[in-house]
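Asks: this is a predicted model, with the sequence first.
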Amino acid sequence: MRMTASTQSGPNEFRHGVTQASIQAFEARLRPYLQSRRRGARFVNALPASQLPREDDFLALAAVWSKLDPSFLALYQAAVSPNSQGYDSCLSPGGHYVIYYTTNPDSADAVDPTDTIGFGPDSNNWRTKTSGPNQIPDYIDQVAFSCDSAWSMEVNRFGFHQPVSMSSDGSAATRYHFFATETGDGYYGQTFPDAPFPGSAIGFFAHCEVRGNWTDPIWDIGGSDSALNYNIHPENAAHVTCVHENFHGIQFSMLWNKQGVNNPFDYFPLGWIEGTAVMMEHLGFDDIKDYLQYATAFFSAPDSMPFLIDDDENILYSNSLLTIFLFEKAPVSPRIDFPKTIFYNNYNYTNGIPFDTNLRATSGDSTFKTTWVGLLNRFHTGSYFTGIRADTSRFDLDAALMPWWAVTPDSSAASYSITKTVYPYAMQTFDYKPNTAGPFDTLTINLACTDSAATVPAPRWAASCIVRGSGLPDSVIALPFDTLGNASCVITGFRTRNEVVVIPTNGDPESDGYAAVSFKASALIVPPAPILSQPANGANIPGTSVRVSWNASPGAATYAIQISASSGFASVAVNQTALTALSSVVTKLAPNTTYYWRANATDVSGTSTWSSVWTFSTGVSLVIFPNPPHLSGDKNFINFEGTGIQSVRIYSLDGNIVTNSGTSQTAAFAPLANGLKWQLKNNQGRNVAPGYYRAVVEQRDTLAGTSSTTAHKLLVFP
């Protein structure tokens, strides 16, 4: 059923169980409407609001079908069952629907007879709009196109069961039935169950009605949005209504015939039934955006609206905000997976599955890998990012077109606490916007949530924190709860921000909860200077590369170091900033030089003073001695000493290899602590002749991660 927001509200008689008395009260309340409906639409329009059907009445009626008094059931079927007598009919171009209508001006159901367009001409081209008369009123052509669009999306694309109407002999009709009628004041359309599927425990025949005349000024609901001026564009009204009601027909085809179990429509709350149907109309015709007219009910008081709760019909369609969010944001990319899984979990589970159990199981399955309350909190938190704060990465794609909810600071004191009630499946807001005169830098948030009478297993709570700052992007922090319902968060660098909004969500579908939040602002504290660690103060290091390290400074986010050959750091050889590690490798320093170095620490509060200054001295990368050596004396060798010597190759002046430490070390070379000793021998172990030679030395700087090769002249004396 699709209504305006002015219709009757309140729970039906079965809220507290199905009894003989509740069934009799239900029948007594609906009899005036059914009797008036048999007489005609103008008699229905004359009824007081208290005698009009509620949104869930026909859903509840299906659930208690077998317990209804036969006389009442006969009245119901006489009042709502399809009667094509006196109606014209046409097949939809796609071939899945029969549309019944009349152009008789004496009938309250008459539609505009204007005939200038069509669609088709066959099921393969049902989307093609044609010009010229086709003996079908243009409005009915639009209804047929809308129905085919619904089938294409809901049945073919999304894979839902098809809706089924009942033929005159009580069997399944080959096509689903839509009637263009005077549906009654305030009604877009209605879907009526006709009878349970024969011989089956699941499924109801149904048919749909769509308003045939939209000329009444009450249907000028768009204001500046011409797409919603239905009195001018009735085709747009037909588009959203047919997709909406068609999905109700699908819902009836998947309904368990539960012989009067207490839940009106299996275990689904009406908010889910209507919310998903509005979602479908938006997905089918997203340029019309009819659902946005119901957004105000939520955004005007976001902490007062429990989603998927049936107490107030005026907010039923606002549930589409949540169902559209589940379509767009629950999976990795927009998909029907979450809503469809909910429906088919119920369909495939004998006699259905409790709705909250269904939500929690679906959220935690291998596709979504989350919790229901966590997903609901993502929706609540994302709803902050609409209107002037629109962020479609966090909320629905139409976020910029929606209202935006305001939040009032609870206090401007540096520290305070406050407790608020959180309704079932609802959110609450706590806003902290401190007086900026204080030297505040760190904000500690503590959240404690309790249930008045928990009805579902943990987790029952989820919460997020929105951190705002002038000129800075908003950030969202998820607050993890412990098993006792407590969560906390420390925000550093708060002086660069100006507001924090904490949003807890109650994941219990029945019981109120209570959230207590405390805020405590701390003064500006910069981290202490780090303590230097390596190399030891005054150390001599081999070569010209060094790793310097320091101890962590509490609270620091980054570090900086300076290295200079001047004790006063008049000029610096190395100036590294924004270091996140506790060490850094420095290369290509000057050899045989004493260096001075220091470090500091930085967090969002500021930068520490410099540490104490330490020194180290570099060495040389390579020393070759004696050069020249003497074959006949006690200096009959050449030492190659330095850092990371990998190999030494000796060549004669004509370029021939004399020896290679990699292949003849035992014959021509001897190892040293930090190099190699050439014993003036060739590869065969014989003394070389006096004269000039060339040495090629390969070294590896392990700190720098680089290799180098250098050539040197050698002179060997007799």
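Replies: Thanks, I have the structure now. Numbers count the residues shown, from 1 in each chain.
Asks: could you point out which element follows the lowest-mean-pLDDT helix or strand in the chain?
Replies: Every helix and strand of the chain was ranked by mean pLDDT, DSSP states H and E. The lowest is strand 2-3, at a mean of 56. As assigned by DSSP states H and E, the chain's next helix or strand after strand 2-3 is helix 20-39.
Asks: point to the residue nearest the middle of this structure.
Replies: Among the residues of the chain, the one closest to the centroid is residue 329, at 4.2 Å (CA atoms, centre = their mean).
Asks: for that one, give me its contacts.
Replies: 378-379, 382, 395-396 (CB atoms under 8 Å, 6 or more residues apart in numbering). All C-beta spots, glycine's among them, are computed from the backbone N, C-alpha and C.
Asks: may I ask which of those residues has the most neighbours?
Replies: Ranked by the number of neighbours (other CB atoms under 10 Å), the contacts of residue 329 place residue 396 first, at 27 neighbours.
Asks: wait, what's in contact with that one?
Replies: 321, 324-325, 328-329, 382, 386, 402.
Asks: farthest-apart pair in these, please.
Replies: 329 and 402 (14.8 Å; CB to CB).
Asks: so residue 397 is in which element?
Replies: Using DSSP H and E, no helix or strand contains residue 397.
Asks: thought it was touching residue 327?
Replies: No: the criterion here is CB atoms under 8 Å, and residue 397 misses it with residue 327 at 10.2 Å.
Asks: quick revisit: need the contacts of residue 329 in TSV (columns: secondary structure, distance to residue 553 and pLDDT).
Replies: Listed next are the contacts of residue 329 as TSV, based on DSSP: H, G, I helix; E, B strand; the rest coil; distance: CB to CB, whole Å; pLDDT from 0 to 100:
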residue	secondary structure	distance to residue 553	pLDDT
378	helix	36	96
379	helix	41	96
382	helix	37	96
395	coil	40	95
396	coil	44	94
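Asks: how about the residues you listed in JSON lines, adding distance to residue 190?
Replies: Formatted as JSON lines, the contacts of residue 329 follow (distance: CB to CB, whole Å):
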{"residue": "378", "distance to residue 190": "34"}
{"residue": "379", "distance to residue 190": "29"}
{"residue": "382", "distance to residue 190": "33"}
{"residue": "395", "distance to residue 190": "32"}
{"residue": "396", "distance to residue 190": "27"}
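Asks: residue 107: which of those is nearest?
Replies: residue 396 (41.0 Å).
Asks: roughly how far does that closest one sit from residue 240?
Replies: 17 Å (CB to CB, to the nearest Å).
Asks: how many neighbours does residue 632 have?
Replies: Counted with other CB under 10 Å, residue 632 comes out at 10.
Asks: what pLDDT does the closest residue to it other than its chain neighbours get?
Replies: Counting by CB to CB, 6 or more residues apart in numbering, residue 632 lies nearest to residue 718, which is 6.0 Å off, once chain neighbours are set aside. pLDDT, residue 718: 89.
Asks: how near is the residue nearest to the centre of the chain to residue 291?
Replies: Look at residue 329 and residue 291: by CB to CB, they are 16 Å apart.
Asks: where does pLDDT dip in this structure?
Replies: Scanning the chain for pLDDT under 70 picks out the ranges 1-12, 15-16, 84, 224-225, 257-266, 310-314, 350-351, 435-439, 524, 664-666.
Asks: among the contacts of residue 396, name the ones in helices.
Replies: 321, 324-325, 328-329, 382 (DSSP state H).
Asks: residue 365: which of the residues you listed is nearest?
Replies: residue 329 (16.5 Å).
Asks: about what we covered before: wait, isn't the residue nearest to residue 632 in contact with residue 629?
Replies: No: at 10.6 Å, residue 718 and residue 629 do not qualify as touching, with contact defined as CB under 8 Å.
Asks: more neighbours, the two?
Replies: residue 629 (20 against 9).
Asks: hang on, isn't the more buried one packed against residue 690?
Replies: No: using CB under 8 Å, residue 629 is not in contact with residue 690, being 10.0 Å away.
Asks: now for these two: what residues contact both?
Replies: Any residue near both residue 629 and residue 690 by CB under 8 Å, 6+ apart counts here, and that gives 716-717.
Asks: contacting residues for residue 398?
Replies: Counting by CB under 8 Å, 6+ apart, residue 398 has contacts 289, 292.
Asks: just give the nearest non-adjacent residue to residue 382, would you?
Replies: Using CB to CB, 6+ apart and skipping residues adjacent in sequence, the residue nearest residue 382 is residue 395, 3.9 Å away.
Asks: domain parsing for this structure?
Replies: Here the domain parsing of the chain from automatic domain parsing is 3-80, 267-402, 407-523, 532-617, 622-716.
Asks: so which helix or strand takes in residue 140?
Replies: helix 138-150.
Asks: for that helix, packing partners?
Replies: strand 88-91, strand 97-101, strand 117-119, strand 176-181, helix 234-253, helix 270-284 (3 or more CB pairs under 8 Å, 6 or more residues apart in numbering; DSSP states H and E).
Asks: output that helix as CSV, restricted to C-alpha atoms.
Replies: The C-alpha coordinates for helix 138-150 follow below in CSV (Å, rounded to 0.1, in the frame of the first residue of the first chain):
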residue,chain,number,x,y,z
ASP,A,138,-1.5,7.4,-22.8
TYR,A,139,-1.7,7.1,-19.0
ILE,A,140,-2.4,3.3,-19.3
ASP,A,141,0.6,3.0,-21.7
GLN,A,142,2.7,4.6,-18.9
VAL,A,143,1.3,2.2,-16.3
ALA,A,144,2.1,-0.8,-18.6
PHE,A,145,5.6,0.6,-19.2
SER,A,146,6.0,1.0,-15.4
CYS,A,147,4.9,-2.5,-14.7
ASP,A,148,7.3,-4.0,-17.3
SER,A,149,10.1,-1.9,-15.8
ALA,A,150,9.3,-3.3,-12.4
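Asks: quick one: contacts for the residue nearest to residue 136 when sequence neighbours are not counted?
Replies: Distances taken as CB to CB, 6+ apart put residue 90 closest to residue 136, at 5.1 Å, once the chain neighbours are dropped. Contacts for residue 90 (CB under 8 Å, 6+ apart) come out as 98-99, 101, 136, 140, 144.
Asks: partner residues bridging residue 90?
Replies: Under DSSP bridges, the beta-bridge partners of residue 90 are residue 99.
Asks: ok so, going back, now, which of the contacts of residue 329 sits nearest residue 304?
Replies: For the contacts of residue 329, the nearest to residue 304 is residue 379 (15.8 Å; CB to CB).
Asks: in stretch 369-389, what counts as buried?
Replies: 371-387, 389 (16 or more other CB atoms under 10 Å).
Asks: hey, where'd the strands end up in the stretch 301-450 of the chain?
Replies: Listed in chain order, the strands of the stretch 301-450 of the chain (DSSP state E, counting those that start in this stretch) span residues 415-422, 430-432, 440-451.
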